[in-house]
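Colleague: okay, sequence plus prediction incoming.
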Amino acid sequence: MLQQTQVDRVLPKYREWLDKYPSLKALAAAHPDEVDSTWRPLGYNARPKRLHSIAKEAVNTHGGKLPSDEQTLRSFKGIGAYTAGAVQSFAFGRRAPILDTNVARVLFRVFIGYGYRKDTVTQKRLWTLSATLLPRKNVYDFNQALMDFGALVCTARKPRCLVCPMSPICEAYPFNLDHEQVVQHRS
């Protein structure tokens, strides 16, 4: 729910969602229209359909539980690399990389600093960085901190470079510009 949606908009819907669907079994048993209406007005309206589908598959195939391994998680329609990593890290405490928008922005600025962040080669490099940087312990804390850092300090617009502890090693910091400006400046 928090993916690209503000916390203050999510909290009331999150509580309502958990009241209606306290388990994967409850979500799987719900009518798709009810699931859809519970999700609104958060946007990204394909998500409740995917969640409902994932819940049904988990109930029908995995005893009502999400699997903990990446390959099986990614076999669910709607679960890609980021979601599989997030589920492994946050739900199961496993050592799994994540690369949401905030993490990608932080890693791109700190370690690469210029170019186009969304091209295939750069995305592969960012996934490699995300995996390489993972600590052996407390992966959940590390991944959450990296996401929060991108949301609060290394923001998309007007990054807070002057208070950033990464600025001494940040490739983008000397330009103190947002991503698009770095691309234009270096080109």
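Modeller: Now that the structure is in, tell me what you want to look at.

Colleague: now do the helices in this structure.
Modeller: Taking DSSP state H, the helices of the chain run over residues 7-20, 24-29, 32-39, 46-62, 70-75, 81-86, 92, 101-107, 120-133, 139-152, 179-186.

Colleague: now the first one: buried residues?
Modeller: Think helix 7-20. Residues 13, 17 are the ones in helix 7-20 that count as buried (16 or more other Cβ atoms under 10 Å). From N, CA and C alone the C-beta is placed, and that goes for glycine too.

Colleague: which elements pack onto it?
Modeller: Taking 3 or more Cβ pairs under 8 Å, 6 or more residues apart in numbering; DSSP states H and E as contact, the helices and strands that helix 7-20 lies on are helix 32-39.

Colleague: what's the angle from the helix it packs on to helix 7-20?
Modeller: 140 degrees (axes from the mean of the first three to the mean of the last three Cα atoms, to 10 degrees).

Colleague: please export the C-alpha coordinates of helix 32-39 as PDB.
Modeller: C-alpha atoms of helix 32-39 as PDB (Å, rounded to 0.1, in the frame of the first residue of the first chain):
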ATOM      1  CA  PRO A  32     -13.000  -9.500  -6.000                       C
ATOM      2  CA  ASP A  33     -15.400  -6.400  -6.100                       C
ATOM      3  CA  GLU A  34     -15.200  -6.200  -2.300                       C
ATOM      4  CA  VAL A  35     -11.400  -6.400  -2.400                       C
ATOM      5  CA  ASP A  36     -11.300  -3.700  -5.100                       C
ATOM      6  CA  SER A  37     -13.600  -1.300  -3.200                       C
ATOM      7  CA  THR A  38     -11.700  -1.800   0.000                       C
ATOM      8  CA  TRP A  39      -8.500  -0.700  -1.700                       C
END
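
Colleague: tell me the mean pLDDT over that helix?
Modeller: Per-residue pLDDT values across helix 32-39 average out to 91.

Colleague: go on, stretch 120-133?
Modeller: Stretch 120-133 comes out at a mean pLDDT of 96.

Colleague: picking that back up, in CSV: the helices of the chain, plus distance to residue 166.
Modeller: Formatted as CSV, the helices of the chain follow (distance: least, Cβ to Cβ, whole Å):
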stretch, distance to residue 166
helix 7-20, 24
helix 24-29, 38
helix 32-39, 36
helix 46-62, 32
helix 70-75, 28
helix 81-86, 22
helix 92, 28
helix 101-107, 8
helix 120-133, 12
helix 139-152, 8
helix 179-186, 15
